[in-house]
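> This is the structure alone, sequence omitted:
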C-alpha cells in the first residue's frame, strides 16, 4: 500500500507514472484502503516534505460491524502528515493567488516584484487522492468545516468526478452558524469558528449536520477504543455525522462509502475539556 512507485507526496499525484507500469484506468480500479490501523502503521513515515500528501485511508470495520451499518465507512488519516496537520499541504507550496478578473496592471506589477503568482483555478490534491484510493467508489463525503477549505475543495473535486455524490458538512450543535443559527462557545476544536467563512462554498454542500460536543467526544473515544485511532474531538463529530447520515438514508446498498477526514489533533494532546472530564470522574 505505501511502497508503490509514485505515491510519495503531493508532487506524485499529477506527475508520477502509474504504479508497476499499469495504465491510469487500470490503476483506478484498485483500492488503497487499510483494513485496520496496524496496516497503516506498517507504512514508512518520515519527517520529510517529500511525504506531504497521500495520507492513508483506513476502513472502520469494527464500528460498522458493531452498529450493523450496511455500508463502508472510511477515514483519511491527515495526522500522518510530517507535522501531523492537514495544513502541511498548504504550507508546502504557499503562493500568492489572485482571481483572473483582477486588472492586468496589478498582475504585471506583482510579476515585476518577483512574486510567485498563480491565477486561481480548481487544482486540488486531497480530492484526487480520495478518488484514486477509493477506486472512484466514494458516494458521500462527510467533513467538518473550520475555514471551509477542505469541505469546499474536496467536495467540488469529487462532484466533478461524480455529480451524484453528496457532500455533508458537519458543525457544532452549540454554534450552528452555517445552518443559520447563532454563534456560541463550543468544545469541538477545529470546526465551527463562529462565522461563515468566505472560503466556504455553500453551493457544494448538500446537507449540514450538527453534532453536540458530548456526542463528538463519545465517538472520538469509540475510534480510540474500537479502531485504535487516537484522533481528536472533531473526528468524533465526523463519525457521529456519518452514522446519522446512514441512519437517515435507510440504505440497503452495501457499497456506499461514507468518507470523512480525520482531524489532525492527537487525542492525548487535544483538550483541556478532556482533562476536566477525567478529573471530574475521579
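Yep, it's here. Treat the numbers as computed from the prediction; the structure is a model and nothing was measured.
> tell me what the helix or strand encompassing residue 237 is packed against?
Here residue 237, judged by DSSP states H and E, is contained in helix 233-249. Counting by 3 or more C-beta pairs under 8 Å, 6 or more residues apart in numbering; DSSP states H and E, the packing neighbours recorded for helix 233-249 are strand 72-76, strand 140-144, strand 166-172, strand 207-211, helix 213-227, strand 257-261. Glycine gets a C-beta too; all of them are placed from N, C-alpha and C.
> can you redo those as JSON lines with mean pLDDT and distance to residue 65?
JSON lines is the format used below for the helices and strands packed on helix 233-249 (pLDDT from 0 to 100; distance: least, C-beta to C-beta, whole Å):
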{"stretch": "strand 72-76", "mean pLDDT": "87", "distance to residue 65": "11"}
{"stretch": "strand 140-144", "mean pLDDT": "91", "distance to residue 65": "19"}
{"stretch": "strand 166-172", "mean pLDDT": "94", "distance to residue 65": "22"}
{"stretch": "strand 207-211", "mean pLDDT": "96", "distance to residue 65": "22"}
{"stretch": "helix 213-227", "mean pLDDT": "93", "distance to residue 65": "10"}
{"stretch": "strand 257-261", "mean pLDDT": "65", "distance to residue 65": "15"}
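> which of those is buried the deepest?
strand 140-144 (a mean of 27; mean count of other C-beta atoms under 10 Å).
> the inter-axis angle of the helix or strand just after it versus strand 140-144?
Counting by DSSP H and E, the next helix or strand C-terminal to strand 140-144 is helix 149-161. For helix 149-161 against strand 140-144, the angle by axes from the mean of the first three to the mean of the last three C-alpha atoms, to 10 degrees is 170 degrees.
> Helix 149-161 packs against which elements?
Using 3+ C-beta pairs under 8 Å, 6+ apart, helix 149-161 sits against helix 126-133, strand 140-144, strand 166-172.
> how far away is the residue lying closest to residue 151 once chain neighbours are set aside from residue 30?
In this structure, residue 151 finds its nearest non-sequential neighbour in residue 143, 4.4 Å apart by C-beta to C-beta, 6 or more residues apart in numbering. Residue 143 is 24 Å from residue 30, where distance means C-beta to C-beta, to the nearest Å.
> Redo the helices and strands packed on helix 149-161 as JSON lines? Include distance to residue 192.
Formatted as JSON lines, those follow (distance: least, C-beta to C-beta, whole Å):
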{"stretch": "helix 126-133", "distance to residue 192": "20"}
{"stretch": "strand 140-144", "distance to residue 192": "8"}
{"stretch": "strand 166-172", "distance to residue 192": "4"}
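> now for those, which one comes closest to residue 235?
Between residue 235 and the helices and strands packed on helix 149-161, the tightest spacing by C-beta to C-beta is seen for strand 140-144, at 8.5 Å.
> Strand partners (parallel or antiparallel) of the closest one?
Strand 140-144 pairs in its sheet with strand 166-172 (parallel), strand 257-261 (parallel), by DSSP bridges.
> Straight-line length of stretch 175-192, end to end?
7 Å (C-alpha to C-alpha, to the nearest Å).
> In that stretch, which of the residues would be classed as buried?
For stretch 175-192, a neighbour-count test (16 or more other C-beta atoms under 10 Å) marks 175-178, 186-192 as buried.
> out of those residues, who's nearest residue 235?
Using C-beta to C-beta, residue 190 comes nearest to residue 235 of the buried residues of stretch 175-192, at 8.6 Å.
> Residue 213 contacts residue 188, doesn't it?
Yes. Under the criterion of C-beta atoms under 8 Å, residue 213 makes contact with residue 188 at 5.5 Å.
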